[in-house]
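K.L.:
heads up, no residue letters with this:
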């Protein structure tokens, strides 16, 4: 009796939940191709880094000079962490036989005047020959710009009686903007395979009795900047790997009692039962109803990663009722098919980790 009551309550609640909208969303998990495709002839790669560039404020007080020196050291550490992050990512990719950290520092990778100079192919070929690699991953530049702001404030401090009291203080805020660019050079084909830029912001703030004490009170800034560099390198290496992506589609839940019942089935996870009702409605004499049923079956097949079947049902839906919504969905499906074909091409070489 209790089990029957619980089932009835669940069905009643689902009916209330689904009683308004004419469509319902479904999330579909997809595997997207890697943003960067490499030739399967590239087996040995080298990683190289460019110069670090810092932008400094015109005001150069003793405090600013202290921060500038710290920023120079931090930027170098973050650049090295980024290169190591990329190295660690690439060593887990079974496509590569050898990953080399090249010591050469390329002077002309970053030109502050024109915001980016590229390596000449003569230089790329010379570096590849020197290190016996097939391609170069270049951290083309690392730019860091820190803005310093000070303001007067108050802070709690214990007096001689160990009682907290408000005292005059200074608050310092360091806003660090970081930009770094990455490139991949293929000398055999004289091809710039990829070019990508990361932009990040790290804000640190603290209080002290004077600006210098406030600066010393800042915690974790150095750790955050270096860790951000490492993550950047790792993220760039991940551009060579397929990735999961969630897309949202909607399907029709109104039109006939079968559509309403099918919605309840989908909410309880019984998509096959819903499909049986939609297939029944594909024979409906009303072309709009029939079209909706075909469209829903297209969504279901896409959800199951049967893209060819999904396209077949989508075409049937459009032939019955030439709605803009269906036409747009067909274009989305075409794009998904193209992406899937690219994914299969990329997977012709192993993409799994060692």
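P.N.:
Great, that's in hand. In this text the structure is predicted, and so the values were computed from the model without any measurement.

K.L.:
just how off-centre is stretch 87-102 within its chain?
P.N.:
21 Å (CA atoms, centre = their mean, to the nearest Å).

K.L.:
now it: buried residues?
P.N.:
In terms of neighbour count (16 or more other CB atoms under 10 Å), stretch 87-102 has its buried residues at 87, 89, 90, 93, 95, 96, 99, 102. C-beta here means a position set from N, CA and C on the backbone, and glycine is covered the same way.

K.L.:
stretch 164-173 too?
P.N.:
Using 16+ other CB under 10 Å as the test for burial, stretch 164-173 gives 169, 170, 171, 172.

K.L.:
tell me where the stretch 101-250 of the chain has helices.
P.N.:
Per DSSP state H, counting those that start in this stretch, the stretch 101-250 of the chain carries helices over the ranges 121-131, 211-217, 221-238.

K.L.:
most tightly packed of these?
P.N.:
Scoring the helices of the stretch 101-250 of the chain by mean neighbour count under mean count of other CB atoms under 10 Å gives helix 221-238 as the most buried, with a mean of 20.

K.L.:
so which elements touch it?
P.N.:
helix 62-91, strand 135-158, strand 164-186, strand 191-208 (3 or more CB pairs under 8 Å, 6 or more residues apart in numbering; DSSP states H and E).

K.L.:
redo the ones you listed as JSON lines? Include mean pLDDT and distance to residue 129.
P.N.:
Output for the helices and strands packed on helix 221-238, formatted as JSON lines (pLDDT from 0 to 100; distance: least, CB to CB, whole Å):
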{"stretch": "helix 62-91", "mean pLDDT": "93", "distance to residue 129": "21"}
{"stretch": "strand 135-158", "mean pLDDT": "91", "distance to residue 129": "11"}
{"stretch": "strand 164-186", "mean pLDDT": "93", "distance to residue 129": "13"}
{"stretch": "strand 191-208", "mean pLDDT": "95", "distance to residue 129": "17"}
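
K.L.:
so which of the ones you listed gets nearest residue 50?
P.N.:
Of all the helices and strands packed on helix 221-238, it is strand 135-158 that lies closest to residue 50, at 4.9 Å by CB to CB.

K.L.:
about what we covered before: max pairwise distance over the buried residues of stretch 87-102: which two?
P.N.:
The distance between the two most remote of the buried residues of stretch 87-102 (CB to CB) is 19.1 Å, for 95 and 102.

K.L.:
contacts only, for residue 209.
P.N.:
Taking CB atoms under 8 Å, 6 or more residues apart in numbering as the criterion, residue 209 is in contact with 155, 157, 167, 168, 169, 170.

K.L.:
could you report the separation of the second one from residue 278?
P.N.:
Spelled out, it's residue 157. Separation of residue 157 from residue 278 (CB to CB, to the nearest Å) stands at 71 Å.

K.L.:
doesn't residue 100 belong to a strand?
P.N.:
Yes: checked against DSSP: H, G, I helix; E, B strand; the rest coil, residue 100 lies within a strand.

K.L.:
my read: it touches residue 130, true?
P.N.:
No: using CB atoms under 8 Å, residue 100 makes no contact with residue 130, being 10.3 Å away.

K.L.:
can I see the domain layout of the protein?
P.N.:
Using automatic domain parsing, the domain ranges for the chain come out as 2-33+244-346, 44-241.

K.L.:
in the chain, which residue is most central in space?
P.N.:
residue 235 (8.1 Å; CA atoms, centre = their mean).

K.L.:
so how far is residue 89 from that residue?
P.N.:
With distances taken as CB to CB, residue 235 is found 8 Å from residue 89.

K.L.:
and what of residue 247?
P.N.:
26 Å.

K.L.:
pull the residues that contact stretch 325-336.
P.N.:
Residues outside stretch 325-336 that contact it (CB under 8 Å, 6+ apart) are 30, 249, 291, 295, 298, 302, 307, 310-311, 314-315, 317-318.

K.L.:
from those, which two are the most distant?
P.N.:
Spatial extent of those (CB to CB) is set by the pair 30 and 291 at 24.9 Å.

K.L.:
neighbour count: the two, which is higher?
P.N.:
The residue with more neighbours, out of residue 30 and residue 291, is residue 291; 25 against 16, by other CB atoms under 10 Å.

K.L.:
next SSE after the helix or strand harbouring the more buried one?
P.N.:
Assessed by DSSP states H and E, residue 291 sits inside helix 287-303. For helix 287-303, the following helix or strand on the C-terminal side (DSSP H and E) is helix 307-320.
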